[in-house]
Structure formats: C-alpha cells, structure tokens
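[1] show me the folded form of this:
(2 chains)
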Amino acid sequence: MVTYIVRRLITAAFILLGASFVVYILTAISGDPLGELRALNTPNRDQLIEARINLLDLNTPAPIRYFKWLGGAAQCLVPFAGNCDLGRNVTGQPVTEALGLALVQTLSLVTAATVLAILIGVALGIVTALRQYSTLDYGVTFMAFLFFSLPIFWIAVLLKEYGAIGFNDFLRNPDIPWYIAAGIGIAAGLVLAVAAGGDLKRRLTVGAVGFGFVAALLLVASVTRWFTTPGLGIVVILLAGVGLAFAITVLVSGLQNKKALYSGLTAVGIGIVLYFPIQGLLNVATPLMIFILAVVAVLVGVGVGWLWGGYDRGQGMRVGAITAFLVGGLIVLDRFMQAWPSYFNNGKIRGRPIATIGASTPNLEGDYWVSTLDSFTHLILPTVALILISLASYTRFTRSSMLEVMNMDYIRTARAKGATERSVVMRHAFRNALIPIATVVAFDIGALIGGAVITERVFSVQGMGTLFFDGLDHVDPNPVMGVFLCTAVTALVFNLVADLAYSALDPRVRVK
Amino acid sequence: MRFGRISKAVGLAAAAALALSACATQGGGGNSTPEPSAKTGGTVTVAEVNGFTSFNPGTADNNVDINGRIGYATHSNFIYIDNKLNIVKNDKFGTYEKTSDDPLTVKYTIKEGVKWSDGAQVSAADMILSWASGSAYYDSDATTYFTTAADTSGLNLTDFPEIGDDGRTITLKYSKPFADWELAFGTAGNGGIDVPAHVVAKQAGLADADALVDLLKSIPRGAASGDAATLKKVADSWNTGFDAASLPADSSLYLSNGPFIVKDMVPDQSMTLVRNKDYNWGPIPNIDEVVVRYIGEAPAQVQALKNGEADIIAPQASADTLEQLKALPGVTVQTDKQLSYDHLDLNFTGVFAEQDVRTAFMLTVPRKDIVDKIVRKLDPEASPLDSQLFVPAQASYEETVKSNGSADYADVDIDKAKSLLAGKTPEVRIMYNKDNPNRVDAFSLIRESAEKAGFKIVDAGLPKDQWSKALGDGSYDASIFGWINSGVGVTGVPQIFKTGAGSNFNTFSSPEADKLMDELVVTTDKAKQDELQVKIDELIWKSSYGLPLFQAIGVDAHSDKVTGVQYMPNLTGVWWNMWEWSVK
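    As a prediction, this is how the structure comes out:
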C-alpha cells in the first residue's frame, strides 16, 4: 500500500514537471506580450515597452524563464519557509497572493454547487434506475440532458433576469394573484402526477392533491405577506420534523423497526422543546457556534437512539442522528427567515436582495444571520446554474451503475432469501452502485477548481478562471502557471484518492 | 446507575452551554435583529471593468484605468481635464505660474492647509518626489529607478527644482521650452501629487520627508555619484510599495489629499470611498460615499444596473449592449466619441512610393460606408474623422477641417482615382488585425471599393497577437489600426508624424512638417500651438498620408437616481466630475 502510494506520488511529480513545462512554453508562445504597447502612439511608447520587457523578463528565452520560475516554485515545497515564489503578474502582484484571493472566491462559488449536484444527481439517478422506463425516468432524463446541453452563460443570464431581477421586482409587492397561484399549482400537480407512478387514478389523485396544496400555500403566503416576513414557526417545524422522522426511518431501517422510528420522533420532540429556549443563543450566533450546535444535535440524536436501544441499536442511532440534524437545520432555517425583514430593509440592499454579481454586498453591516443571508442571496444563482448543468452526468452515471447492480445475481439472491425491498436497494444495491460513482466524484472535485470559468465571468466572481484568462490575455505565464499548479495538484491528488477509495470500497480491487 | 447517567448528561449539557456561550458574538444578547440601518443619503455605486491593484497609478505596471480613477478621486492636483478637454486650474489646491519664457520657468505653490489625510501638510517634498519619479533625472542607460508610466521627456529638461523657503513651493527651470509644460507636472498619474513623500521616506528607511529631499538633492543627474542604494530603496517604495489588492493594514499607504478617502476594499469585489472630511481645496462632492464594484462583462454590468446593484456603468460598447441599455426604464444612456480612432496608413515605399497612387487609393476609400457599417448603430450622428491631429471635441477641429484638404476625400471618386492611376493596376497588401471585427469590416469595404478603381488588393491581415509586431516591417503597403488622441497636449504629434519617430510606421517624411513639429514642441502658447498643428495637419493631408476613418464610441449609463453624470472621452471616464454626482 505504502509503496503503491509512494510510486504514484513519484509519477505524479514527473507528470507535474512535464506538464508545467509544456503549459509554460505554450502560454509564453501563445501571443505577443508587447502587442498592446507596440501600436501605442504616446511619446513614451519605447519606455513602456522597456518596462514591460523588464517586468516579464522577455529578453530571456521562454525555456530558461521556465527554469527560473521553477526555481521559485520549488521553494513552495519547503513547508512553512515562506519562500514560495510563483512570480508576479503584469501589475506586479505576487501570484501567490492573487492565487490565495482567487481560490477563496472560486471555492465559495463551486463547493456548495458541487456537493448539492452530487447529492441531487445521485438521488435522482437511483430513483430513475428503480423506476426504469417510467414517465419519471424519461422526464428526468429529458430535463437532465436539456440542462446539460444548454450553454451555462445563457442559463446564467436567464437566471439573473428572472431569478434576480424579476424576483426582486416581485418582492417589492409580493401579491400572488389567484391565476398565477393556480398556474404554479397546475405545474406542480403535473410534476407530482408524473413522478407519482402507479395507475392513472393514483396519479390523478396525487396530482390533484399537489395542485391544491401548492396553490393554497401560495395564496396563504400571499395573504399573510409571507414573502416579506417569512418564517416556519414551531408548527411547521413539528409537522416537517415528524414527516422527516418517518421518511428517514423508511430509508434507514424500515418502519418495522419501531425503536428507530421512536428515536427519530424523540429527536423531533427535543428539537421542538428546545425551539424557544435556543432562540436567545441563536441571536448571538457565530459560524463556529452553528457548527458546534450541529455536532451537538447529531450527538443528541445518537444518544436518543442509544437510549431507545432495541434489537438493532445502530439503526436507531442513525435515524436519531439524521433526524436531529435535519430538525436542527429547520430551526436554523427558521432563524434565517426571521432575519429576512431586517436584511431586506437594510439600506445597502435597497429592497433588492437577490444579487446578480459578486459574493457579498459591499459595506453591509449586520449580524451572523444577515451576513450569511447576504452570502446566500449572492450564491444562489451561480449555484443553481452550476447544479443544473452538472446534474446530468451524476444522474446518468448513477442510473446506469445502479441498473447494472440491480441486475446482478446477488440482488436476485437477496430477494430470494426474503430481504425487504428497502434492504435490497439501500444495503445490497446502492452501496455497490456507489463504487464507480466515487471515481467520478473524485475526478470532479479535481476539476472543480478550474472548472467554473464561464460562470465566474457571468457572475463577476474574480476567481481562478479570471486569473487564468487575464494571464493568457497578457501572455503572462506566471498567473497561468499558478492556476495550473493548483488544478494539476488537486487533479493528481484526487486521482490517487479515487484509486485508493476504489480499493477501499470494492474488496475485489487491491492496490499493490 | 440510572441517576449517574442523568447527572453526567446534565454535566455535559452544562459544559456544552458554557462552550457555546464562549463562542457567541460579543456584546450580543436580547433580540439581535438589528434595526434597519439608516438610509445614508448619498451612496453611488460605480461598476468598473478592471480590478484595483495599486495606490500609485503612476507606475508603468499599474497604469490601469481603475487605479487612475481611484487616484483621481482621492487626490487633488493643480489642474484637471474637463470633458471638453480643457485644462482646468484648481486654485484652491495650489497655483502655478510661468515666471519666465526663456528659460521656461514655472513656479508651483501648494496652498497652506492642503493636507494629507494623516494631517501632514502637502509640501514641496511631495512635489520633489513627484518630480523625481516623473523626470527620469536619475536614470542612466544601465539603471531605471522610477518605472513611471508618464512621459518623462518634459520634466527631464529640468534641473533639480529650487525649493521655496515656505516649504510649499518649487520652481522648475526647463533647459529649453517645452510645449506641454502645463501637463508635465501636476496631473494625476503624470507628475501629480499622488504619493506622500513622508511615507516613501519611512519605507525607504529615511527619517522624514526632509531627509528624502536632502537625499534627492545630493544625487546628480544620472545618479553617477551619491547614495544610489538609498535612492533605489526610495524608487522601489514608489514603484511597488503602494501596490495593494486588499486594504493595507498600514493606513499611511492610502493617504488621501482629495475629495474622497478609501474606507474599505474587498479583494476583486468592491472598494468603498468615503468623503474626506478635511477636504476643502477643490470642488466639494455632493455624495458621501462611492462604492466601486468590479464587473468585467458588459451584459453583467447591464443586469447589475437593472437590478440596482450599480448606479453608473461604462461597459465595453457594442450595438447589443446599447440596445439593452436603451430598453431599460429609469436609465439614462450617454454615448459619444472616444479619443481612440481607426485610421488607414499608406506606406511611403513600394507600390505607394508615388503620391498619385496614394491619392488614387485614398479616393477609393468609402469612409462614409465604413462609418455607417461600424459605428452608426452606436452613434446616429457619427461621421468620418477629418483630421489627423484633432478630434471634434477640440476647438480647432472645425478650423483645420476647412483648410486641410480632407474635403477631397469626403466621397468616393472612382473615376478620378482611375484617371490618376492611368491604367495601372497596383497590387496593395493591406495589413490589419483579423481578430477585430471592425477592422475586418473596414478592410472588406475598402477592398471592394478599391478594386473598382483597378487596385489589386491582397489580404495581409494578421491574427491579434501578430499584427502589431508587423508594424513598420515592410510586409504590407497599407495598414488599418487604431491610435489614441491624447486630447490635450502636443508632444504626441511628432511621435507619429516626425521623420524616423517611434510610431511613424509608414516612413512618412516631410522636412517642412518636421520643422513645424520642432517648433511645436517648444511652443508654450496654446493658440500658437493650435496654429502650428493646423499647418501640420494640412501638410500631412497634402502628402496623401492616409486617412483617419472614425472614432470609437464610448457608452456609459446611469440610473436616474443619480444626477450629474457626464460623458468623458478620456481615460478618467465618468469619474472626471464625481463631485457633481448627487443622489435623488
């Protein structure tokens, strides 16, 4: 194992060296770094050209410049020495500094999108695999490919037009006329009817219920001015929590494990009891506190499951933990909604909360809730755009992998020996279907850092993509190499991780 | 047993509560929902394309539009340029007077009470540093100390300035008259008082600004002797010491002596300027706060304006952008000509060595069609540019157009061109940037028209990274590319049109024009300068140099919540009168 990793790391180092040389030379010969200056008609043209030549060291041939650069970059390998030197860009800014800033921007943009795309994509993939050739399957496949084939800049511009500008206009006077509510209700009913499956009657019932529920919800929200002063309230949290407890029990252990269901319900109960006491603490929240609270919630859930005991204590603990975490999430969501009016009415927001550019509102002063809401309103559109276009690969990959597993002999065996369908799907099939997906996910995380170039441009996020583009634009290899190093190292590392994960997940594969 | 478990749980809960309260925000408690913050009347948000990089916009590396604009808003100078391209004096900041014509001597005095935002008087030391950085006085062939973006040819004619006893006056003595003396010192980014001497002195390890002045005084021209090592430190501080992508911890790096002062910077996202409370030495701004947001793409700027995230935008102009902007309610769109213009140059060698051939070719150029096709959509009033030296925004444009002979080329005259060619069919290679759609359009129209007169046109267009390298290398006979009129000042004229000058790519040479240009650059009187330029313009046209085609069009747009925004053709952009902006 260790020799395998060492061998892989050594190969990776050589790949990195070779690739960096190629990228450096390609960038350096990709254009004329003095192009914009040559056609100048200012009297100090020659002086400016001279300054640029000195700055980019253009009198040294590119291959030699590469080794100079490599000399500086090699110092990055010495940890904590602080000598890391990746050169400077055309404005004299150290590339290490620019990279640090850009990396933060890019990561905050793509992390949530990637995680959500994986979760939603895998879930949809499994559902479509289980309901192969159903209307739902075709519907999801159609939508996934539709979004996959749309250019992201177009999706992004549309999202900005309707999701931000249109929605903000709506928020100014959030009245939903009955016909709009009915229209949205019909759309929701149709989707539900398609998704429901079963015979026509069942579908119609589900669709009608969905239509009624959604339309009524919208009308109530409109009448009660829910969009200006949103909130869940303890009743909704209770109802949603109980629903969640049942759903999670179904997935994790099956409803026949009463103790598991009880631990889930107990977790909901604890959450409801704590709802009012915890508000005071939440008012002074910090990110660290939210994290600790999340951990505490999970621990409490585990504890509840353990206390309920039963023949399969582990399942109860799992149900308790997941339910407690989600109920905690609902309480936090409710607190965010409570902060909404003060965010919405903040002078810097000007009553237009959903943003089309950047990562935060300049000079916004507010507590944890307001500033986090601000991040959400800025991140929501790029995140949705990224999710929509990356959903297809996860959905399709999970679907095919799941289908393949579901046709395996051991699934038939599992069914034959009387395992419940839940147990077959969740325990026998799903876990094994995840193995190939792990590889895809690892690759995607590797590609994540350099992968959102266009989204960055459209939403004016000055991340890695912008750094890369600007570098190429000025025929300046230094920033390009900085971006290259980051993406290449992550890609190589995650490749290795993918291989190791593969061997860990699949007992048939062994690294040697 | 049972009891023990519960008490443990209680203990654990207590410990957790303690830990949680320890990480709570300070001073919280009660209902934290903050009261809606007071609507600070007077914030204007401006969208900028480029990210801010340095508090010293005068260095060659950081000579980016945004740095200049922030510098302009946070600094005062003896003059500024208005949007009619006039030099406007700011007497409240300081005064300058020409005390002698021969030798040209200019005395600069800063008003008492003009202060940096740390309270220090803006002094002669600041002017000396500005002079040192913009004069290339200490540079030799081997070493460049201050890497300035400014044209050093003017201040390089001066000797070390004489410093007045009040510590606020310096006197520059030019070894020969210099036409652009008013611009050589005291404009932002070009010998402006942008960098505080006392901060540079501290960075270079000197005691104070006086020590810096003493150091600079002790070093002779070319820095052949004296403490060159410390000079290097001073220059390094000036060159890179003020570079900052995020707000420096050291507030002395962003001292202001102008209407606004930097309050906050979010790297690559935004920048906030607030009113400089001390400032009373110049036009006083109406608004309290300017927020700059960096938005690179034009459609994103338009949508940000629509969504109220930006109040003023100046996107890269295209017909689509303009259409979108015009469709927005509550938005004022301003379009006008920029100082950059496209032009067709004919080489004075090869096929165009003969003037008749050049004239014939010029007669075939459909300038009106080119304007119609390329800029009409952006500016319904666009017309071909009719002067090589002036733009219509300048007062002398009309006068020069009357006499320079451009009228001969107002319309295409194929017959006259044919008769000048007398049956010849010269082969003309036209070089242009193939990746610039405007240039491609211009080329196509010219080719079509010229072929009617019998010219054989060869497409010598090159990709964007190669065409500028080809300038002046003889691989083409005619070229289409862009130049930027400086708007003010005349030292740019010989750079293009003088025999053998750096940007004279078509080997144009006219001894008579050379003589006039020699006179021009030493003429300090504006009226006389214009007179000379009109003559030079005429000589250039008479020698069938080539043709200016059209000026690029700039677009800015602002929400109707903001008033006082006016179009500006030069690089300062809408910022030029930011003190007149106000919020409804």
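[2] secondary structure element for residue A:112?
    helix A:95-130 (DSSP states H and E).
[3] and the next helix or strand after that helix, what does it pack onto?
    Using DSSP H and E, the helix or strand that follows helix A:95-130 in sequence is helix A:135-149. Contacts defined by 3 or more CB pairs under 8 Å, 6 or more residues apart in numbering or on different chains; DSSP states H and E place helix A:135-149 against helix A:95-130, helix A:178-196, helix A:368-406. Using the backbone N, CA and C atoms, a C-beta is placed for each residue, glycine as well.
[4] chain A contacts on the stretch 351-500 of chain B?
    Proximity of the stretch 351-500 of chain B to chain A, by CB under 8 Å from any CB of the partner chain, involves residues B:464-469, B:471, B:481-484, B:486, B:491-492, B:494-496.
[5] how about stretch B:365-376: buried residues?
    For stretch B:365-376, a neighbour-count test (16 or more other CB atoms under 10 Å in any protein chain shown) marks B:365, B:366, B:367, B:368, B:369, B:370, B:371, B:373, B:374, B:375, B:376 as buried.
[6] next up, the contacts around the first one.
    The neighbours of residue B:365, taking CB atoms under 8 Å, 6 or more residues apart in numbering or on different chains as the test, are B:344, B:409, B:412, B:446, B:449, B:450, B:547, B:549.
[7] just these: which are in strands?
    B:344, B:547, B:549 (DSSP state E).
[8] I'd say the first one and residue B:478 touch.
    Yes: shown here, residue B:344 and residue B:478 form a contact pair, counting by CB atoms under 8 Å, at 6.2 Å.
[9] shared neighbours, these two?
    Common neighbours of residue B:344 and residue B:478, counting by CB under 8 Å, 6+ apart, are residue B:546.
[10] higher neighbour count, those two?
    residue B:478 (29 against 23; other CB atoms under 10 Å in any protein chain shown).
[11] show me which residues of the stretch 251-400 of chain A sit near chain B.
    Counting by CB under 8 Å from any CB, the residues of the stretch 251-400 of chain A near chain B are A:280-281, A:283-286, A:288-289, A:292-293, A:296, A:303, A:338-339, A:341-342, A:345-348, A:350, A:352, A:354-360, A:362-363, A:365-370.
[12] ok, of these, which come out buried?
    A:281, A:283-286, A:289, A:292-293, A:296, A:303, A:338-339, A:342, A:346-348, A:350, A:352, A:354-360, A:362-363, A:366-370.
[13] sketch out the low-pLDDT regions of the stretch 51-200 of chain B for me.
    In the predicted model, the stretch 51-200 of chain B carries pLDDT under 70 at residues B:188-191.
[14] nearest to chain A: which residue in it?
    Among the residues of the stretch 51-200 of chain B, residue B:60 lies closest to chain A, at 3.7 Å counting by CB to the nearest CB.
[15] got a list of what the closest residue to that residue other than its chain neighbours touches?
    Computed as CB to CB, 6 or more residues apart in numbering or on different chains, the closest residue to residue B:60 that is not its neighbour in sequence is residue A:51, at 3.7 Å. Contacts here follow CB under 8 Å, 6+ apart; on that basis residue A:51 touches B:60, B:61, B:144, B:147, B:149.
[16] what about chain A, any weak spots by pLDDT?
    A:81-82, A:450-451, A:510-512.
[17] what do you get if the cut-off is 80, keeping everything else the same?
    For chain A, the stretches with pLDDT under 80 are A:1, A:77-84, A:91-92, A:196-198, A:310-311, A:443, A:445-452, A:504-512.
[18] need the residue in it that's farthest from the chain's center.
    residue A:43 (51.9 Å; CA atoms, centre = their mean).
[19] the nearest residue to residue B:403 once chain neighbours are set aside and residue B:215: what is the separation?
    In space, and not counting its chain neighbours, residue B:403 is closest to residue B:538: 5.8 Å by CB to CB, 6+ apart. Look at residue B:538 and residue B:215: by CB to CB, to the nearest Å, they are 50 Å apart.
[20] before we move on, what about residue A:377?
    For residue A:377 relative to residue B:215 (CB to CB), the value is 53 Å.
[21] now swap in residue A:277 and tell me
    From residue A:277 across to residue B:215, the span is 68 Å (CB to CB).
[22] list the residues that contact residue A:165.
    Neighbour list for residue A:165: A:356, B:303, B:306, B:307 [criterion: CB under 8 Å, 6+ apart].
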